[in-house]
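K.L.:
pasting the structure only:
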């Protein structure tokens, strides 16, 4: 599998641009599935079809049968890609179908961002998404099938190589050292996303608590002021990450500290489509973030504890329900 940085356009070629579908970028796996397990629903429908042909009564499925069909997981395929050390580089999921099929790994590691649910539903086909570019070298791929709580190995491990196309303008002297830094950046990326999500949840919880206090006849002013003070603390943390929103252009924002999210983006954007060594600016931003995040996490933990105290007081006031507060039967 050839490794290179893809381009989305070719500037300045005028009418000479040739447009045609490109093959998928990355390592393409071709596989053959002879048989696939039938789901409970498929088995029931087949039986009903046979009874219909024979002119026999078709029994009404019970609620237990329908529930079992709804809760059945799979079948689906799992592609596990590992590096030469046996470390999992990426996991891909795909619906299973009989016959010959193909799927492609885009030669990137998994993305360490937050979990996003579609319609608040679990989706077994959704992987982590694409993160940093993988190192060149030898990898293996295994193919498993998941169905009804069990994984079955279908094929592999099969070895394959990834090779850099020799067209790099400013190659890093050591890709291993480059990726060692970006491995740390990936973990930092995960941590920033987790902290931002934690902040978002506490911010939402605070808003619910303030509204519950506002709608409670016996809520003391002291509690309302405490909740408002917590909101101010959360707003200050939000400023650290996002800064002052610009109405039209960043040049309009008064001089202020560089937002932490901007520093992370400066590291990631410089690495996303590049195979050059990390710059001093990227390293400096990494150091600033690593120093800035522990106090923020400590402050959020403190705020969480304060909200727990307010939650307990809301129960005593018999205030309306707020998310995360366990209902109590008096």
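P.N.:
Nice, I can see it. Keep in mind that this is a model prediction, so the values were computed, not measured.

K.L.:
For the helix or strand of the chain with the lowest mean pLDDT, name the packing helices and strands.
P.N.:
The weakest-scoring helix or strand in the chain, judged by mean pLDDT, DSSP states H and E, is strand 130-133 (a mean of 85). The contact analysis (3 or more C-beta pairs under 8 Å, 6 or more residues apart in numbering; DSSP states H and E) places strand 130-133 against strand 108-110, helix 175-214. Every C-beta, even on glycine, is put in place using the N, C-alpha and C of the backbone.

K.L.:
now the angle between helix 175-214 and whichever helix or strand comes after it, please.
P.N.:
For strand 130-133, the following helix or strand on the C-terminal side (DSSP states H and E) is strand 137-147. Angle of strand 137-147 versus helix 175-214, following axes from the mean of the first three to the mean of the last three C-alpha atoms, to 10 degrees, is 40 degrees.

K.L.:
Going along the chain from strand 137-147, find the next helix or strand for me.
P.N.:
Per DSSP H and E, the helix or strand that comes after strand 137-147 is strand 150-164.

K.L.:
just to revisit the earlier point, which of the helices and strands packed on strand 130-133 sits most buried?
P.N.:
strand 108-110 (a mean of 19; mean count of other C-beta atoms under 10 Å).

K.L.:
ok, and what's touching that one?
P.N.:
Residues from elsewhere that reach strand 108-110, judged by C-beta atoms under 8 Å, 6 or more residues apart in numbering: 89-91, 127-134, 186.

K.L.:
repeat for stretch 65-79
P.N.:
In contact with stretch 65-79 (C-beta under 8 Å, 6+ apart) are residues 29, 33, 36-37, 39-41, 44, 91-96, 103, 105, 124-125, 141-149, 151, 154.

K.L.:
ok, which stretches of the protein are helices?
P.N.:
40-53, 63-71, 175-214, 221-242, 260-272, 280-317 (DSSP state H).

K.L.:
Quick check: the gap between residue 131 and residue 109.
P.N.:
5 Å (C-beta to C-beta, to the nearest Å).

K.L.:
list the residues that contact both of these two?
P.N.:
residue 186.

K.L.:
Of the helices of the chain, which is nearest residue 324?
P.N.:
helix 175-214 (6.2 Å; C-beta to C-beta).

K.L.:
for that closest one, packing partners?
P.N.:
strand 130-133, helix 221-242, helix 260-272, helix 280-317.

K.L.:
If we use 6 Å, what do you get?
P.N.:
helix 221-242, helix 260-272, helix 280-317 (3 or more C-beta pairs under 6 Å, 6 or more residues apart in numbering; DSSP states H and E).

K.L.:
nearest to residue 53, of these?
P.N.:
helix 260-272 (58.0 Å).

K.L.:
Show me what counts as buried in the closest one.
P.N.:
260, 263-264, 266-268, 271 (16 or more other C-beta atoms under 10 Å).
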